[in-house]
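Asker: Provided below for reference: sequence and predicted model.
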Amino acid sequence: MQKVVIFDGTILENINYANKNISKNEIIKICEKLKLHEKIMSLKNGYETVITSDTDIFSIGEKQLLNFCRVMVEDPEIIILDEETASLSYKSEMIIRKAVEEITKGKISFIIAHRLSTIKNCDKILWMQNGKILEQGNHDELMKKQGEYYKLIQA
């Protein structure tokens, strides 16, 4: 989501919100994969640190990673990401991009994005305008067509 939801409770409760049956060790492994474990462990109470929607101990990118941890804990078959890098710095975007690769492995994923770097590695890209699909294909195919997608990449 463009705006990450943080629930009142501990970091652990925020992550296992949708799956209470997952072990703390499994959550730690997920947080390690998504490069959030060290940040959590740097906090005085680690995974038991209480956070709220107003918490400012996490950057926007770290909040997004927290949300991605929650997604991995839930383990849905389909993932829809809407502008997940919209308000991130370049450094945070690189971290989030790697996390997106991790959470979408083996999943049906829809990624809605304006930043081309976010979708460049997708299997199929739909170029839409005014609610209509104008072009579709992977990055290489769309570049060969030299249509609107190509023009935007070249701009």
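Answerer: Yes, it's here. Numbering: from 1, shown residues only.
Asker: Test my guess that residue 34 contacts residue 70.
Answerer: No. Using CB atoms under 8 Å, residue 34 is not in contact with residue 70; the gap is 10.4 Å. Every C-beta, even on glycine, is put in place using the N, C-alpha and C of the backbone.
Asker: and the worst-scoring helix or strand of the chain on mean pLDDT, what does it pack onto?
Answerer: When each helix and strand of the chain is scored by mean pLDDT, DSSP states H and E, helix 116-119 comes last, with a mean of 75. On a contact count with 3 or more CB pairs under 8 Å, 6 or more residues apart in numbering; DSSP states H and E, helix 116-119 meets helix 90-104.
Asker: re earlier: who's in contact with the next helix-or-strand element following the least confident helix or strand of the chain?
Answerer: Of the helices and strands lying after helix 116-119 in sequence (DSSP states H and E), the nearest is strand 125-129. Contacts to strand 125-129, defined as CB atoms under 8 Å, 6 or more residues apart in numbering, come from residues 119, 133-139, 142, 147-149.
Asker: just to revisit the earlier point, dump the least confident helix or strand of the chain to CSV, keeping only the CA atoms.
Answerer: Output of helix 116-119 as CSV, limited to C-alpha atoms (Å, rounded to 0.1, in the frame of the first residue of the first chain):
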residue,chain,number,x,y,z
LEU,A,116,9.6,2.3,-14.3
SER,A,117,12.4,0.9,-12.2
THR,A,118,9.8,-0.8,-10.1
ILE,A,119,8.3,-2.9,-13.0
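Asker: In that helix, which residues are buried?
Answerer: Going by neighbour count (16 or more other CB atoms under 10 Å), the buried part of helix 116-119 is 118-119.
Asker: what pLDDT does residue 56 get?
Answerer: pLDDT recorded at residue 56 is 86.
Asker: Tell me if it really is in a strand.
Answerer: No. Applying DSSP: H, G, I helix; E, B strand; the rest coil, one finds residue 56 to be coil, outside a strand.
Asker: how deep is it tucked in, by neighbour count?
Answerer: Neighbours of residue 56 under the rule other CB atoms under 10 Å: 8.
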